[in-house]
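Student: just the structure for this:
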Amino acid sequence: MAISRVERVARVVNPRLCVIVGPTGSGKTALSLHLAEAEGGEIVSCDSVAVYRDLEIGTAKPSRGERARVPHHLIDVADPTETFTAGDYSRQARVAIADISGRGRVPIVVGGTGLYLRALLDGLFSGPERSEELRDRLRASEQRRGAGHLHRLLRRMDASAAEKIHANDVPKLIRAIEVCLQARAPMTQLWQQSSEPLNGFEIVKLGLDPDREKLYARINERCRRMFADGLVAETEQVRAKWGADVRPLQSLGYRQALAVLDGSMSEAQAIASMQQGHRNYAKRQLTWFRREPDVLWLKGFGDEAAIQSAALSAASVPIRATR
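Tutor: Numbers count the residues shown, from 1 in each chain. Have a look, this model is predicted:
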């Protein structure tokens, strides 16, 4: 059926933006490649560790071959020594999305970092400037009083923010407490008051929710494969080039590989720790993304033909007339 002039204008005014979310190991990369090749799209990564250069195995970045098949954005955009925030991600991702859409392509945002996705879609508040003096005091307090102290402190200041930040994620806890103290208001309250949502797109959100036992089996095998593929050697190279204290090396997988290099864990212990950590992370991701509105949940893995077919049908948004 022919598309009317009004409908064509509607498509120009409201271009599509596809979003793929889900837990680690659920096949988001496979699904994003399928949609991108079928729909003429380009992929915008939404992963807080994949933004860093020289970290390949532990981040499960798309392979060089996969990146050659479809253009990818927001991968390898920062050195491991740089601080790359959710605000940095939001700004750069919005530029990439506008560029992709402006060239008549479909932006496909894919990843598992919920805070980055929220910053992109809902915007970020204009928080107070960083205070290195305050941050140093908070780090010292965590070391002196033990793990979990900062999380308990944030819970008293902003219970909603504490629910969204893991007790071991010290950098995010410090920033949240810093905002609460300097703004003299809960961070979540400031977020609601001054965020700038992404507008001008017809957004389709797809979520992968495979069977839990099968997901955990995939996660366990993926962790074993990362060590077999050279995760420890990659970690050693990153440490030698950038230093052991860079933030990306504190992420899951790299933290365990450092323990192997330091002799505090055997490889078998490191793999078991990494597997448990990723299973726990998958639970937190699903909890986070289930709060995301308007997600179409697909009960399977992203590399399954039936799931890919369902996703493709959902991603083909009907063209709606505007008047």
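
Student: render the CA-only coordinates of the helix or strand A272 falls within in CSV, please.
Tutor: Secondary structure from DSSP states H and E places A272 in helix 267-289. Output of helix 267-289 as CSV, limited to C-alpha atoms (Å, rounded to 0.1, in the frame of the first residue of the first chain):
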residue,chain,number,x,y,z
GLU,A,267,42.6,-19.7,38.4
ALA,A,268,39.9,-22.2,39.5
GLN,A,269,38.9,-19.9,42.4
ALA,A,270,39.0,-16.9,40.1
ILE,A,271,36.7,-18.5,37.6
ALA,A,272,34.2,-19.6,40.3
SER,A,273,34.3,-16.0,41.8
MET,A,274,33.7,-14.5,38.4
GLN,A,275,30.8,-16.9,37.6
GLN,A,276,29.1,-16.0,40.9
GLY,A,277,29.7,-12.3,40.3
HIS,A,278,28.2,-12.4,36.9
ARG,A,279,25.2,-14.4,38.0
ASN,A,280,24.5,-11.8,40.7
TYR,A,281,25.0,-9.0,38.2
ALA,A,282,22.5,-10.6,35.9
LYS,A,283,19.9,-10.6,38.7
ARG,A,284,20.5,-6.9,39.4
GLN,A,285,20.3,-6.1,35.7
LEU,A,286,16.9,-7.8,35.3
THR,A,287,15.7,-6.0,38.5
TRP,A,288,16.8,-2.7,37.0
PHE,A,289,15.4,-3.1,33.5
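
Student: against which helices or strands is that helix packed?
Tutor: Where contact means 3 or more CB pairs under 8 Å, 6 or more residues apart in numbering; DSSP states H and E, helix 267-289 is packed against helix 114-122, helix 212-228, helix 254-262. Just so you know, the C-beta spots here come from the backbone N, C-alpha and C atoms, and that holds for glycine as well.

Student: looking at those helices, which has the lowest confidence?
Tutor: Mean pLDDT per stretch puts helix 114-122 lowest among these, at a mean of 93.

Student: just the CA atoms of that helix, as CSV, please.
Tutor: Extracted C-alpha coordinates of helix 114-122, given in CSV (Å, rounded to 0.1, in the frame of the first residue of the first chain):
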residue,chain,number,x,y,z
GLY,A,114,21.1,0.6,33.2
LEU,A,115,22.4,3.9,34.5
TYR,A,116,23.9,4.8,31.1
LEU,A,117,20.6,3.9,29.4
ARG,A,118,18.7,6.1,31.9
ALA,A,119,21.0,9.0,31.3
LEU,A,120,20.6,8.6,27.6
LEU,A,121,16.8,8.3,27.5
ASP,A,122,15.8,10.4,30.5
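
Student: off-centre distance for it?
Tutor: Put simply, helix 114-122 sits 9 Å off its chain's centre (CA atoms, centre = their mean, to the nearest Å).

Student: before we move on, back to that, out of the helices and strands packed on helix 267-289, nearest to I203?
Tutor: Nearest of the helices and strands packed on helix 267-289 to I203, taken as CB to CB: helix 114-122 at 7.3 Å.

Student: list the buried residues for the helix holding A272?
Tutor: Neighbour-count burial for helix 267-289, with 16 or more other CB atoms under 10 Å as criterion, is recorded at 270-275, 277-279, 281-282, 285-286, 288-289.
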